[in-house]
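Q: Below: sequence and its predicted model.
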Amino acid sequence: MEQNAKQLLKRISEKVGTLTDKKISQVAYAPNYNEWRAYIWQTRPHWEDITWRVKEPNNRGEAEVHLGFYSAQPSEALNNAIEKAEALSKGKVNHVVKNENGIRLVWKENLNDIAALDKLYLNLEGLLNDFLAIAFDVLISQIQGIKMEAEIIDTQNESIEKEGKLLIDDAITIDKSNKPLKIFKISIQGFGAEVTIGTLDNNEIEKISTTDKSLDACVLEDFDDWREKDDQYHNFGACSDYVIEITDENDELVCQLYSENLNEYDDEEFELKKYNSLNIDTKEPLLICISFHKGTVFQGEFEAEEFDIKKLRLEIDDEVGIGTYYWGEMLRNIYYNDEEIYETDRYTDEASFEAYSNLT
């Protein structure tokens, strides 16, 4: 039986459980990156995390497996940890992705090749605990540094307030209320789509220009996986006639938003929707593929003391399309209190498929 990314992530999680006491805390699907993510550790609001990422396999059954750590606060200590992690991984990974905020170790394996997966697990056994030790040491020190700075500034603010002066603008203060956070669920029902825009190579152009098939059939039957034809754009999101529902821990509905009325809460200081303008190179020979879906196109969770509509933000891709064909706007990301809400599941039926090119 063929495996997918979620199944591989489950197997890796089980393997991790035998190698270390650091368990998986949360699993989520990131549709914009076509990957499943498992969080070993994460903090808020100063975002630090240690994650597994497994990208959905291509048509050859190959999937990328990532293990990495990240901090929103670049520092000398973080840079040293990144260098240590890179040195630790030499000869045990396919390649490394790094920047000032973190590092990811990358393996590319065939999900259906038992020998390849055994090699992956062997490499994990050789470096996992040392890698996690490096990650935890530096990220905990990052958090302690942030908290120490917060305590100092908070003390200064209290002193200034006693003297009747204004508090320092943008000061970091510690929340001393200790109010319990509630878990809210967000779901989107209605119509959605997976859309890719990619540059056609000479071989693909010849296939399109010489076939008697429709473009839809040519792409589905004669191309490699159309989802990988995405060097210009890729998104899976709600697109029309959808309803956003937010429920509390008791499954009580606290907010319901309809796609045609998303502006009703806007005022001079708040806009629910934030638009992204796409940068598509329409001078290139392009193919746009649209897989239409219907059902629950997004589910996720977030934490808050109480729900506040003005802390919700929808990131929308505007005018998705090429040439004379424009699909319209698509929901890309959802944020609450400036933190992205990651997708945990979706339940949809694929309704139809269409492809267009600016060659014709």
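A: Thanks, I have it.

Q: So which residues of the stretch 151-300 of the chain form helices?
A: Ranges of helices in the stretch 151-300 of the chain, per DSSP state H, counting those that start in this stretch, are 202-210, 215-222.

Q: Out of those helices, indicate the one that is most buried.
A: helix 215-222 (a mean of 15; mean count of other Cβ atoms under 10 Å). Where you see a C-beta, it was placed from the backbone N, CA and C, and this is true even at glycine.

Q: helices or strands up against it?
A: Of the remaining helices and strands, those touching helix 215-222 by 3 or more Cβ pairs under 8 Å, 6 or more residues apart in numbering; DSSP states H and E are helix 202-210, strand 343-357.

Q: Tell me the helices and strands packed up against the first one.
A: Meaning helix 202-210. By 3+ Cβ pairs under 8 Å, 6+ apart, helix 202-210 packs against helix 215-222.

Q: follow-up on the earlier one: closest one to D231 among the helices of the stretch 151-300 of the chain?
A: helix 202-210 (12.5 Å; Cβ to Cβ).

Q: quick one: contacts of that closest one?
A: Residues outside helix 202-210 that contact it (Cβ atoms under 8 Å, 6 or more residues apart in numbering): 200, 215, 218, 222-223, 285, 287, 357, 359-360.

Q: let's go with 10 Å and repeat that
A: 198, 200-201, 213, 215, 218-219, 221-224, 229, 285, 287, 355, 357, 359-360 (Cβ atoms under 10 Å, 6 or more residues apart in numbering).

Q: Of the residues you listed, just the buried ones, PyMOL syntax please.
A: Provided next is the PyMOL selection string for whichever of these are buried by 16 or more other Cβ atoms under 10 Å:
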select buried, resi 198+200+215+218+219+223+229+285+287+355+357
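
Q: tell me the mean pLDDT over stretch 320-334?
A: Across stretch 320-334, pLDDT averages out at 83.

Q: buried sites along that stretch?
A: 320-322, 327, 329-334.

Q: same deal with stretch 118-128?
A: 120-121, 123-124, 127-128.

Q: Using CSV, write down the CA coordinates of it.
A: Extracted in CSV, the C-alpha atoms of stretch 118-128 (Å, rounded to 0.1, in the frame of the first residue of the first chain):
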residue,chain,number,x,y,z
ASP,A,118,15.4,2.3,7.1
LYS,A,119,18.4,4.4,6.2
LEU,A,120,16.5,7.5,7.2
TYR,A,121,15.6,6.1,10.6
LEU,A,122,19.2,5.0,11.1
ASN,A,123,20.4,8.5,10.4
LEU,A,124,17.8,9.8,12.8
GLU,A,125,19.1,7.5,15.5
GLY,A,126,22.6,8.8,15.0
LEU,A,127,21.7,12.5,15.4
LEU,A,128,18.3,13.1,16.8
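
Q: Tell me the gap between it and the middle of its chain.
A: Centroid displacement of stretch 118-128 relative to its chain, using Cα atoms, centre = their mean, to the nearest Å, is 26 Å.

Q: just stretch 5-12 next, same as before
A: On Cα atoms, centre = their mean, the centre of stretch 5-12 falls 17 Å from that of its chain.

Q: and if you look at stretch 274-288?
A: Per Cα atoms, centre = their mean, the centroid offset for stretch 274-288 relative to its chain is 21 Å.

Q: try stretch 347-360
A: 23 Å.

Q: Repeat that for stretch 233-246.
A: With Cα atoms, centre = their mean as the basis, stretch 233-246 stands 15 Å off its chain's centre.

Q: Same check on stretch 199-206?
A: 30 Å.

Q: picking that back up, worst average pLDDT in the helices and strands packed on helix 215-222?
A: Looking at the helices and strands packed on helix 215-222, the weakest mean confidence is strand 343-357, a mean of 86.

Q: Who are the packing partners of that one?
A: strand 26-30, strand 182-199, helix 202-210, helix 215-222, strand 233-247, strand 286-304, strand 312-322, strand 325-336 (3 or more Cβ pairs under 10 Å, 6 or more residues apart in numbering; DSSP states H and E).

Q: Name the residues of that strand that are buried.
A: 343-344, 346, 348, 353-357.

Q: how much does that strand deviate in direction from helix 215-222?
A: Computed by axes from the mean of the first three to the mean of the last three Cα atoms, to 10 degrees, the angle separating strand 343-357 from helix 215-222 equals 110 degrees.

Q: Restricting to C-alpha, output strand 343-357 in PDB.
A: Extracted in PDB, the C-alpha atoms of strand 343-357 (Å, rounded to 0.1, in the frame of the first residue of the first chain):
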ATOM      1  CA  GLU A 343      -4.800  23.900   9.200                       C
ATOM      2  CA  THR A 344      -5.400  20.700  11.100                       C
ATOM      3  CA  ASP A 345      -7.800  19.000   8.700                       C
ATOM      4  CA  ARG A 346     -10.200  19.400   5.800                       C
ATOM      5  CA  TYR A 347     -13.000  17.300   4.300                       C
ATOM      6  CA  THR A 348     -13.800  18.000   0.600                       C
ATOM      7  CA  ASP A 349     -14.900  16.300  -2.500                       C
ATOM      8  CA  GLU A 350     -13.100  17.200  -5.800                       C
ATOM      9  CA  ALA A 351     -15.900  18.600  -8.000                       C
ATOM     10  CA  SER A 352     -14.000  19.300 -11.300                       C
ATOM     11  CA  PHE A 353     -10.700  20.200 -12.900                       C
ATOM     12  CA  GLU A 354      -9.900  22.900 -15.400                       C
ATOM     13  CA  ALA A 355      -6.700  24.100 -17.100                       C
ATOM     14  CA  TYR A 356      -5.900  27.200 -19.100                       C
ATOM     15  CA  SER A 357      -2.800  28.500 -20.800                       C
END
